[in-house]
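In: generate coordinates for the sequence data below:
(one chain, ligands or ions: 1)
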Amino acid sequence: MPALRVKICGTTNLPDALLSLDAGADAIGLIFAPISKRLVSVETARQISVAVGPALGRVGVFLDQPLSEVLRTAERARVSAVQIHGPVSSLYLQTLERYYPVLRVVRPADLQQFSQATPGHTLMLDAPTPGSGKALDWQALRPVFPAGGWLAGGLGPENVAEAIRALHPAGVDAVSRLERSPGVKDPLRVRAFVQAARQAHHTLEYPINESYPQ
Ligand SMILES: O=C(O)c1ccccc1N[C@@H]1O[C@H](COP(=O)(O)O)[C@@H](O)[C@H]1O
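Out: Prediction:
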């Protein structure tokens, strides 16, 4: 079973990026969507990327933004991958995939339009309103969750293990439940989230046999 990827999104400052690195996350999210209360400037993002890359992945997050803006921002901010929300064309995705790994965010209701068979990008399930802290119905998603897909939406230290057991995602991503305030992380919650996710994934790989004498 491939290693679980853990992403801490909505990073707006260098101390929080270093916190995620130290906590053992694989990546941080740098949100460039203008509507976000966790919007980070390109210059700050670039400083973060220079400081923590390549040890920590940096995922540029975009919503309803032109391809030219995504490419320009991604390059200037030195991201290592991009996350795309909102309706985009196949050509938009195919062009992006020539330069970056792509996380394509989809809502459960739209899942049937996508096939994980589409090479070049990874699907991530999220709530209709990203960054809202609203969890998905993981049990209802079991029959349709894409192989190799990532999961977001209302994940935190208290529930990420249950979500991993239910859906066996290739990656998990969170922001709202890891913050003291929008764009400012709670160190204890970030560390607890990463630990809970890693432990749950490990237990999937190495189930504890209840009959085995402890
Ligand atoms: O968090 C935001 O403000 C945001 C804005 C625009 C696009 C994506 C955004 N965040 C993404 O939302 C999910 C999960 O959020 P939550 O944990 O449920 O609050 C995550 O993929 C973020 O990248």
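
In: could you use CA atoms for every contact and neighbour count after this?
Out: OK.

In: up against the ligand, what does the chain have?
Out: Counting by Cα under 6 Å from any ligand atom, the residues of the chain lying close to the ligand are 9-10, 33, 36-38, 63, 130-134, 152-155, 173-176.

In: can you flag the buried ones in those?
Out: Buried by 16 or more other Cα atoms under 10 Å: 9-10, 33, 36, 38, 63, 130-131, 133-134, 152-155, 173-176, out of these.

In: out of the residues of the chain next to the ligand, name the ones that lie in helices.
Out: When DSSP state H defines the helices, the subset of these inside them is empty.

In: those residues in strands, which ones?
Out: The subset of the residues of the chain next to the ligand located in strands under the criterion DSSP state E comprises L63, A152, D173, A174.

In: I'd guessed the third one sits against A152; true?
Out: Yes - contact criterion Cα atoms under 8 Å: D173 and A152 qualify, at 4.9 Å.

In: got the end-to-end distance for stretch 133-149?
Out: Distance across stretch 133-149, first residue to last, is 19 Å (Cα to Cα, to the nearest Å).

In: and if you look at stretch 81-98?
Out: Start to finish, the residues bounding stretch 81-98 are 11 Å apart (Cα to Cα).

In: buried set for it?
Out: Buried residues in stretch 81-98, counted by 16+ other Cα under 10 Å: A81, V82, Q83, I84, H85, L93, L96, E97.

In: look up phi and psi at the fifth one.
Out: Its backbone dihedrals place H85 at phi -110, psi 150, with angles given as degrees, to the nearest 10.

In: pairing partners for it in the sheet, please.
Out: As for beta bridges, H85 partners with L63 under DSSP bridges.

In: tell me the pLDDT of it.
Out: For H85, the pLDDT comes out at 97.

In: residue contacts, the spatially most central residue of the chain?
Out: If you average the C-alpha coordinates of the chain and look for the closest C-alpha using Cα atoms, centre = their mean, you land on D173, 3.4 Å from that point. When contacts are counted by Cα atoms under 8 Å, 6 or more residues apart in numbering, D173 is found next to V6, K7, I8, C9, W150, L151, A152, G153, L155.

In: list the contacts of the first one.
Out: Right, V6. Each residue near V6 by Cα under 8 Å, 6+ apart is listed here: A25, D26, A27, G171, V172, D173, V194, A197.

In: same check on the third one?
Out: By Cα under 8 Å, 6+ apart, the residues touching I8 are S20, A25, A27, I28, G29, D173, A174, V175, V190.

In: residues in contact with G120?
Out: Residues in contact with G120 (Cα under 8 Å, 6+ apart) are Q94, E97, P101, V102.

In: let me know the closest of those to the ligand.
Out: The shortest distance between the ligand and any of these, using Cα to the nearest ligand atom, involves V102 and amounts to 12.7 Å.

In: how close does that closest one sit to P128?
Out: 19 Å.

In: with that, I have no additional questions.
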